[in-house]
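**Q** Sharing a sequence plus its predicted fold:
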Amino acid sequence: MSLTAGIVGLPNVGKSTLFNAITNSQVEAANYPFATIEPNVGVVEVPDHRIDRLVELFHPKKTIYTTFEFTDIAGLVKGASKGEGLGNQFLSNIRLTDAICHVVRCFDDANITHVENSIDPVRDVEIINLELVMADLQTVENRISKVERKAITTKTKNALEEMDLLNKLKAVLEQGQPARSVEVDDEQAAFLKTYNLLSTKPVIYVANMDEEGIVDPEANPYYQALKAYAEKDNAQIVPLCAKIEEDLSSLSAEEKDEFLNDLGLPHSGLDALIQKAYAVLNLQTFLTAGADECRAWTFKKGMKAPECAGIIHTDFQRGFIRAEVYSFDDIDELETEAAIREAGRLRLEGKDYVMQDGDVVHFRFNV
């Protein structure tokens with residue numbers, strides 16, 4: 001299951017530095033607008049202590065973590081929705097993502113220029129959010145021009161339903177509000193999905209701080225302002241220092257832990273960002289374990305056992321018989337599958353079973 005988050009923000013806020021940390025690659029991060037022209041795509045392993053524990057217990061030949069894809073999208077500026085800067089190209093790149101990681105500068109540094117010549121996180125966020133809204137308004141108006149005549153002349157239920165949705169969207173977008181603030185029923189939700197609007201995508205605000213500020217984000221007034229905005233927007237927020245994350249990316253696990261301890265940080269900001277990205281996209285993880293392989297698999301919350309089997313292989317879903325399931329907590333405690341069986345904690349689940357995060361499963365199938 002391939003899902004991706006686009007890293008967006010104004011020029012020079014730390015997007016490419018964060019991307020370097022995410023992928024441990026060296027994309028250009030020069031101190032001038034539009035240093036990043038083509039979107040850089042990187043795949044990062046999702047840290048999961050459960051896989052680490054399964055490896056200890058099963059000693060597999062192969063270990064595979066689940067992954068998440070990030071796209072580094074060049075800096076947007078005012079007027080991007082009208083083609084300013086490289087706006088049209090950048091907006092189309094955002095359209096291809098499932099979620100938005102909006103990097104916002106929350107530190108002072110006279111040596112790093114700011115495209116607006118001052119530090120104001122809320123202003124910066126509103127610049128980009130407005131560009132996304134204006135681009136969506138163009139999309140909605142174009143769709144209205146195609147559907148309106150049909151709705152008037154044929155008065156079919158579908159056309160009338162869609163026009164009702166489009167008019168709601170237009171009214172909200174004209175007020176500068178995101179499309180995700182519009183309440184829709186199931187039928188309208190199906191229409192809305194086809195529009196692929198930018199402002200319907202879930203957002204995580206990434207407060208990029210300096211090395212001093214990240215030690216106590218709550219004491220940083222820029223972070224406080226951004227946090228209040230995020231809460232009002234029903235969005236997630238993650239404080240991190242992109243420079244520290246970039247430094248951490250080249251260290252071993254032991255060196256990373258030591259570095260974080262020296263800084264007084266409980267965990268990596270990047271790890272927190274990945275977990276937030278999972279949460280906003282309603283993603284969960286099921287596990288498979290054995291002597292050959294221990295592996296994490298990403299699935300959408302609410303998926304049933306046969307659908308999850310299909311993530312591994314389409315034949316598993318087509319010929320699904322049952323799922324043999326136990327929880328990670330059980331194997332963590334009892335340490336062997338034999339002990340789990342003896343304790344009566346191995347469950348046989350059928351086609352209607354809704355998979356849970358942390359399920360360890362063996363699928364039985366016949367094709």
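**A** Okay, I see it. These numbers come from a predicted model, not from an experiment.

**Q** Just the pLDDT at residue 79, thanks.
**A** We have a pLDDT of 57 for residue 79.

**Q** right, I mislabeled it, should have said residue 72
**A** Per-residue confidence (pLDDT) for residue 72: 84.

**Q** Just give me the neighbour total for it.
**A** Residue neighbour count, defined by other C-beta atoms under 10 Å, stands at 28 for residue 72. (Glycine included, C-beta is placed from N, CA and C.)

**Q** again with residue 229
**A** Neighbour tally, residue 229, other C-beta under 10 Å: 18.

**Q** Does it lie in a helix or a strand, and which?
**A** helix 221-232 (DSSP states H and E).

**Q** Which SSE is immediately downstream of that helix?
**A** Taking DSSP H and E, what comes next after helix 221-232 is strand 236-240.

**Q** Using PDB, write down the CA coordinates of the helix or strand following that following strand.
**A** Counting by DSSP H and E, the next helix or strand C-terminal to strand 236-240 is helix 242-248. Presented in PDB, the C-alpha positions along helix 242-248 are these (Å, rounded to 0.1, in the frame of the first residue of the first chain):
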ATOM      1  CA  ALA A 242      15.400  19.800  10.800                       C
ATOM      2  CA  LYS A 243      19.200  20.300  11.200                       C
ATOM      3  CA  ILE A 244      19.300  17.900  14.200                       C
ATOM      4  CA  GLU A 245      17.200  15.400  12.300                       C
ATOM      5  CA  GLU A 246      19.700  15.600   9.400                       C
ATOM      6  CA  ASP A 247      22.600  15.000  11.700                       C
ATOM      7  CA  LEU A 248      20.800  12.100  13.300                       C
END
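
**Q** buried stuff in helix 242-248?
**A** 242, 243, 244, 245, 246, 248 (16 or more other C-beta atoms under 10 Å).

**Q** got it, and stretch 168-176?
**A** Buried residues in stretch 168-176 (16+ other C-beta under 10 Å): 168, 169, 170, 172, 173.

**Q** Please save the CA atoms from it in CSV.
**A** The C-alpha coordinates for stretch 168-176 follow below in CSV (Å, rounded to 0.1, in the frame of the first residue of the first chain):
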residue,chain,number,x,y,z
LYS,A,168,-21.3,24.5,-1.0
LEU,A,169,-17.6,24.2,-1.9
LYS,A,170,-17.5,27.4,-3.9
ALA,A,171,-19.1,29.4,-1.0
VAL,A,172,-16.6,28.1,1.5
LEU,A,173,-13.5,28.5,-0.8
GLU,A,174,-14.5,32.0,-1.6
GLN,A,175,-14.3,32.8,2.1
GLY,A,176,-10.7,31.5,2.1
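
**Q** what mean pLDDT does that stretch have?
**A** On average, stretch 168-176 scores 94.

**Q** one step back: just name the closest of the buried residues of stretch 168-176 to residue 110, please.
**A** residue 173 (37.7 Å; C-beta to C-beta).

**Q** Could you list every helix and strand in contact with the host helix or strand of that closest one?
**A** Using DSSP H and E, residue 173 maps to helix 157-174. Helix 157-174 sits against helix 121-154, helix 186-195, with contacts defined as 3 or more C-beta pairs under 8 Å, 6 or more residues apart in numbering; DSSP states H and E.

**Q** Identify whichever of those lies nearest to residue 212.
**A** helix 121-154 (16.9 Å).

**Q** Next, the buried residues of the closest one.
**A** By 16+ other C-beta under 10 Å, the buried positions in helix 121-154 come out as 121, 124-125, 127-137, 139-140, 143-144, 147, 151.

**Q** what do you get for stretch 224-232?
**A** Within stretch 224-232, judged by 16+ other C-beta under 10 Å, the buried ones are 225, 226, 227, 229, 230.
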